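[1] got a predicted structure plus its sequence, pasted below:
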2 protein chains.
Amino acid sequence: MSEDSDGNGARRSSPTIYDVAAAAGVAPSTVSRTFSRPGRVNSETAERIRRIAAEMGYRTNPVARALPTGRTSIIAIIVSDVTNPFFFEIIRGAEETASAAGYTLLVADVNESADAERKALDRTLPLVEGIVLATSRMSDSSIRVAAKQRPTVVLNRTTTDIPSVVTDNARGMKRAVHHLADLGHTSITYVAGPQGSWADGVRWRAFYDATTELDIRGKRVGPFAPTQAGGLSAAHELAKDATSAVISYNDLMAIGMMRGFVRQGISVPDDISVVGFDNIFGSDFCTPPLTTVAAPLHSLGAYAVQTLLAELAKTSYDRQAAPKPLKVVLLPSQLVVRGSTGPRNAVLAKRAS
Amino acid sequence: MSEDSDGNGARRSSPTIYDVAAAAGVAPSTVSRTFSRPGRVNSETAERIRRIAAEMGYRTNPVARALPTGRTSIIAIIVSDVTNPFFFEIIRGAEETASAAGYTLLVADVNESADAERKALDRTLPLVEGIVLATSRMSDSSIRVAAKQRPTVVLNRTTTDIPSVVTDNARGMKRAVHHLADLGHTSITYVAGPQGSWADGVRWRAFYDATTELDIRGKRVGPFAPTQAGGLSAAHELAKDATSAVISYNDLMAIGMMRGFVRQGISVPDDISVVGFDNIFGSDFCTPPLTTVAAPLHSLGAYAVQTLLAELAKTSYDRQAAPKPLKVVLLPSQLVVRGSTGPRNAVLAKRAS
DNA sequence: ATGAAAGCGCTAACAG
DNA sequence: CTGTTAGCGCTTTCAT
């Protein structure tokens, strides 16, 4: 009936600082301060205002607040593929530290397309305070363009002048190679991931260094798509190969590869050892369980937003004067040994039986 | 030097409709119309304005637009656990249809906590136009409270008076039971998921109906956590049991259960058949590959936001008059038969060898 | 078809 | 410590 009733189903407009101010007998700005600048207002009046506000069900409107200040309290994480288990824990880690700091995390999926990534940025940039680019497929220059508009940190990649968080791939690879060498393998092949991938570059280089250092025959095949399907293709190509061990760009490929080997009657690890990268969900229950270089997924996400938050804090007071320490956070990886790797001579042992 | 230079590193403020209006020699409102109400402005001037705007790099500011209109072009999906592979494809589906409609999808993770869920709602509700609650752990009444503030659709659950999208669990369960019956199993146990779960209720009831109908001994154990760990516990409890087949609340539990069986020397499917629910990532490469009732994950997400968008469209013109057809979208599931189920007498066959 | 002007709800000087 | 007063950038009647 009356426009003031709150009985019916329509979503009613909420009280504003003006309503609260009127009810409390103070100026709107005082109400504003009690919520946005606690301490800058007499504690008793603040108390009273809070109480009245609570009674009236007042909630500060974030978009109204964002307009004059630019602070939306949202940060975005752009992931190349939400469907890839690699990102699950990263997102979880990012979300946790974002909300702990009072920020809302906006997750955008770009389905492995640099183009979609650019579009996602167009849409999200204007409403977020900063972004983390997780495994971006864009060019360095595109990234820099984005970074010019909002504080940006890249994850799993480095880009000159942009803060980044990466895992220590080189060390991880070195460990993997040593592990295989210790098992007696004298020839290892690296199954490469996507061409433009930063991580692939680092891993391959480290692989090369480690194998030559240990005087092991190090080969490389690929590139392949960083998926199970990619791994399957790799398995085919590898069949005509003489290596007794492979290290693949990531776990997804490794899992696909093992399935491919099974189909071809090649047994893992008896005929061939395989090690993956990342330690994603599933790498423990595939068959055999995968030996892998574990990335600190959760920390990766957490540190990425932490770095971003630091960047935001910096920006707010002295924009230009900032010394820009070219931060790149390097997180340690860890070799997790499971059933997919075994001694080289297992081959002979098995054949002999 | 000058405050107008664009050379240095500071992020400069973008041009507004006023700047464009001045450059084009028209009123700001005309510029506004060309972007928000195409057609309500002379096509030639519109053309000119667009051109000039493009040259100046004008982009309409979404938060400024949202303030007077309330349209933020954001919708949120609240998932109970981003880390659960069940949600990957759902999110992907939701994101795709959201962005096709010009909306940005805000994914919030609440880590299986009803409390965190309420907090996430508090934070996101004011900045989104609508929300989809994916597998909400909140009470119906809490959900209704949220729905009173913003159009809401629930996924994987039904709540009176709230539009919902669910998969046809009952039919799926029926198929699973028949499948097992066809294999000769005469006693099946249902391994229950979380107590409050809507899906668990539906599945259990359908299980009960199907087993009694087929005159099969149907038991139930649980509840267990809907995780691999939960499945592991279930495996222990099941060891002293005489069933030859189990149907578990979901795939994650089924996978955990199979690992538990292996440890106890129980072989799947020779000693016991297991079927899961959902067909998540990994259910095809665990050992043995899991027979499961596949949920249409991608469609689930897509339909959920589609339903939400419909709701939004409705709200915008005739709020109260809407006939509210109590929509509940029922999506079909599909039985995917893989290696984890086998004939009952395999037990005998094996023992005999 | 276009312009003028009044907000949306909040913040931020600037006075007092 | 608190009130006054402009905006933030855009939309939207209401005139013209």
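    On my side now, so go ahead. Numbers count the residues shown, from 1 in each chain, chains lettered A, B, ... in the order given.

[2] restricting to C-alpha, output the helix or strand residue A:55 falls within in CSV.
    Using DSSP states H and E, residue A:55 sits within helix A:43-56. Extracted in CSV, the C-alpha atoms of helix A:43-56 (Å, rounded to 0.1, in the frame of the first residue of the first chain):
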residue,chain,number,x,y,z
SER,A,43,34.3,7.7,20.6
GLU,A,44,31.0,8.3,22.3
THR,A,45,29.3,9.8,19.3
ALA,A,46,30.9,7.1,17.2
GLU,A,47,29.5,4.5,19.5
ARG,A,48,26.0,6.1,19.3
ILE,A,49,26.2,6.4,15.6
ARG,A,50,27.2,2.8,15.2
ARG,A,51,24.4,1.6,17.4
ILE,A,52,21.8,3.6,15.5
ALA,A,53,23.2,2.6,12.2
ALA,A,54,23.0,-1.0,13.2
GLU,A,55,19.4,-0.6,14.3
MET,A,56,18.5,0.9,11.0
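
[3] so which elements touch it?
    helix A:17-24, helix A:28-36 (3 or more Cβ pairs under 8 Å, 6 or more residues apart in numbering or on different chains; DSSP states H and E). Backbone N, C-alpha and C define where each C-beta goes, glycine included.

[4] does DNA strand C have contacts with the first one?
    So the one you mean is helix A:17-24. Yes - using Cβ under 7 Å from any atom of the strand, a contact is recorded between helix A:17-24 and DNA strand C, made by A:17-18.

[5] need the residues of the stretch 51-200 of chain A near DNA strand C, please.
    A:58, A:60-61, A:64-65, A:67-69.

[6] which among the residues you listed count as buried?
    The neighbour count (16 or more other Cβ atoms under 10 Å in any protein chain shown) marks A:58, A:65, A:67 as buried among these.

[7] give me the subset of the residues you listed touching DNA strand D.
    By Cβ under 7 Å from any atom of the strand, the members of these lying near DNA strand D are residue A:67.

[8] how about the buried ones among the residues of the stretch 51-200 of chain A next to DNA strand C in CSV, adding distance to residue A:97 and secondary structure?
    Listed next are these as CSV, based on distance: Cβ to Cβ, whole Å; DSSP: H, G, I helix; E, B strand; the rest coil:
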residue, distance to residue A:97, secondary structure
A:58, 29, coil
A:65, 22, helix
A:67, 27, helix
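
[9] I'd say residue A:117 and residue A:135 touch.
    No - counting by Cβ atoms under 8 Å, residue A:117 stays clear of residue A:135, with 10.2 Å between them.

[10] and for those two, which residues touch both?
    Jointly contacting residue A:117 and residue A:135 under the rule Cβ atoms under 8 Å, 6 or more residues apart in numbering or on different chains are residue A:80.

[11] hang on, residue A:330 packs against residue A:170?
    No - if you go by Cβ under 8 Å, residue A:330 and residue A:170 don't touch, sitting 9.5 Å apart.

[12] tell me where the stretch 51-200 of chain A has helices.
    In the stretch 51-200 of chain A, the helices defined using DSSP state H, counting those that start in this stretch lie at A:62-69, A:88-100, A:114-124, A:140-149, A:169-182, A:198-214.

[13] looking at the ones you listed, which is closest to residue B:17?
    helix A:62-69 (14.3 Å; Cβ to Cβ).

[14] contacts for the closest one?
    Helix A:62-69 has contacts (Cβ under 8 Å, 6+ apart) with A:36, A:71-73, B:63-64, B:66-67, B:72, B:126-127.
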